[in-house]
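A.B. asks: Using only what follows, build the 3D model:
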Amino acid sequence: MSTTAANIETGAADPAGPRRTRTSGIDRALQILDHLQKEGRPATAYEIARAVRAPLSTIYVIVDDLVDKEMLDRTDGGLLWLGPRLYHYGLTYARSLDLLNVAVHEMHELARGSGETVQVCGRDGDDMVVLAMEEGLDHFQVTSRVGTRSPLNWTASGRLLVGHLPEAERLEIFGRCATASPTGRAETDKAQLSRSAATALEQGLSIQAGESDFSVACIAAPICDSQGACRATISIVVPDMKVTQKNPDLVALVKESARRIETRLGWRSAYRSGEKAPERQ
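C.D. replies: Residues are numbered from 1 along each chain as shown. This is a model prediction of the structure:
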């Protein structure tokens with residue numbers, strides 16, 4: 001049987017015994033792409049094979065196929081990275097997302113109104129991911145760019161993104177993914193994280209300062225659907241000394257932006273909880 005992308009590894013079924021497991025070529029291709037995304041840097045076929053625990057010969061075959069189809073890009077030194085075809089897929093997918101379209105429009109407005117760096121973030125498994133970003137007028141240096149992934153316990157947005165989940169699920173997630181941050185200040189206790197996540201979502205606000213980066217603070221508000229699930233967040237990233245400033249009031253601005261996104265998507269009634277949704281001046 002030839003080796004193909006449809007079925008790279010096969011195991012013949014033994015009538016007298018259990019069926020052997022197999023990993024399809026599609027699964028292997030996804031493992032390669034997932035590994036590169038997680039690492040955030042180019043890698044050799046050997047490094048990928050070790051990371052995904054696959055035979056090197058199998059990885060070579062799939063990599064060659066993916067390079068031919070522009071799903072991967074190979075440098076002169078043989079390093080492999082995500083290819084241009086994935087970028088075009090991503091653009092098409094992004095255009096289809098009403099949430100992201102509305103949130104990005106509001107992100108630009110908030111950055112202009114506050115003069116600060118604004119991010120829209122979402123959840124991917126155990127990570128928070130920066131989906132979009134607009135830099136502020138002073139170009140305050142923020143290490144997290146579009147595509148950056150961070151453990152959920154490091155960030156204000158990460159906690160909001162799981163705040164709507166049942167307590168048992170929150171505990172399981174934080175018990176699995178909570179890790180120490182570079183500053184050593186991020187909470188890692190799963191019980192405390194679970195409580196703070198639920199409280200933050202209830203209050204519609206989460207603030208962290210110096211937990212993932214020294215002297216950097218994040219003021220985040222949840223974007224919740226009609227069922228109360230946090231689908232994304234919008235946040236202002238500033239030097240930690242600006243968290244309490246009142247001119248402009250950054251906390252009020254980011255909460256108003258989140259409410260406007262929900263209203264435009266039809267997720268929030270303009271008079272939900274007896275409060276009229278704020279109107280832009």
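A.B. asks: for the stretch 51-200 of the chain, what spans make up the helices?
C.D. replies: 56-68, 84-95, 98-114, 156-160, 167-177, 190-203 (DSSP state H, counting those that start in this stretch).
A.B. asks: Pick the most deeply packed of the ones you listed.
C.D. replies: helix 156-160 (a mean of 30; mean count of other Cβ atoms under 10 Å). The C-beta positions use only the backbone N, C-alpha and C, and glycine is treated the same way.
A.B. asks: so how far is it off the chain centroid?
C.D. replies: Relative to the centre of its chain, helix 156-160 is centred 11 Å away, using Cα atoms, centre = their mean, to the nearest Å.
A.B. asks: what about residue 147, neighbour count?
C.D. replies: Neighbourhood size, residue 147 [other Cβ atoms under 10 Å]: 12.
A.B. asks: repeat for the one 5 residues further on
C.D. replies: A count of neighbours around residue 152, defined by other Cβ under 10 Å, yields 25.
A.B. asks: And for residue 246?
C.D. replies: With other Cβ under 10 Å as criterion, residue 246 counts 8.
A.B. asks: Same check on residue 259?
C.D. replies: Neighbours of residue 259 using other Cβ under 10 Å come to 23.
A.B. asks: where's it relative to residue 198, distance?
C.D. replies: Here the criterion is Cβ to Cβ, to the nearest Å. By it, residue 259 lies 20 Å from residue 198.
A.B. asks: hmm, back to that, quick one: closest of the helices of the stretch 51-200 of the chain to residue 223.
C.D. replies: helix 98-114 (6.5 Å; Cβ to Cβ).
A.B. asks: and that closest one, what's its mean pLDDT?
C.D. replies: In this model, helix 98-114 has a mean pLDDT of 92.
A.B. asks: show me what contacts residue 266?
C.D. replies: residue 226 (Cβ atoms under 8 Å, 6 or more residues apart in numbering).
A.B. asks: how much distance is there from stretch 248-267 to the middle of the chain?
C.D. replies: 20 Å.
A.B. asks: scratch that, stretch 62-69
C.D. replies: 27 Å.
A.B. asks: Give me the distance between residue 204 and residue 130.
C.D. replies: Taking Cβ to Cβ, one finds residue 204 at 21 Å from residue 130.
A.B. asks: Those two: which is more packed in?
C.D. replies: Shown here are residue 204 and residue 130; by other Cβ under 10 Å, residue 130 has more neighbours (21 against 17).
A.B. asks: Tell me the bridge partners for the more buried one.
C.D. replies: residue 121 (DSSP bridges).
A.B. asks: That one and residue 200, how far apart?
C.D. replies: 19 Å.
A.B. asks: so residue 207 is in which element?
C.D. replies: If you go by DSSP states H and E, residue 207 is part of strand 206-209.
A.B. asks: Direction included, what does that strand pair up with?
C.D. replies: Assessed with DSSP bridges, strand 206-209 is paired to strand 216-224 (antiparallel).
A.B. asks: how far does the partner strand sit from the chain's center?
C.D. replies: 14 Å.
A.B. asks: tell me the domain ranges of the protein?
C.D. replies: With domains defined by automatic domain parsing, the chain comprises 25-87, 97-274.
A.B. asks: out of these, deepest packed?
C.D. replies: Note that of the domains of the chain, domain 97-274 is the most buried (mean count of other Cβ under 10 Å), with a mean of 19.
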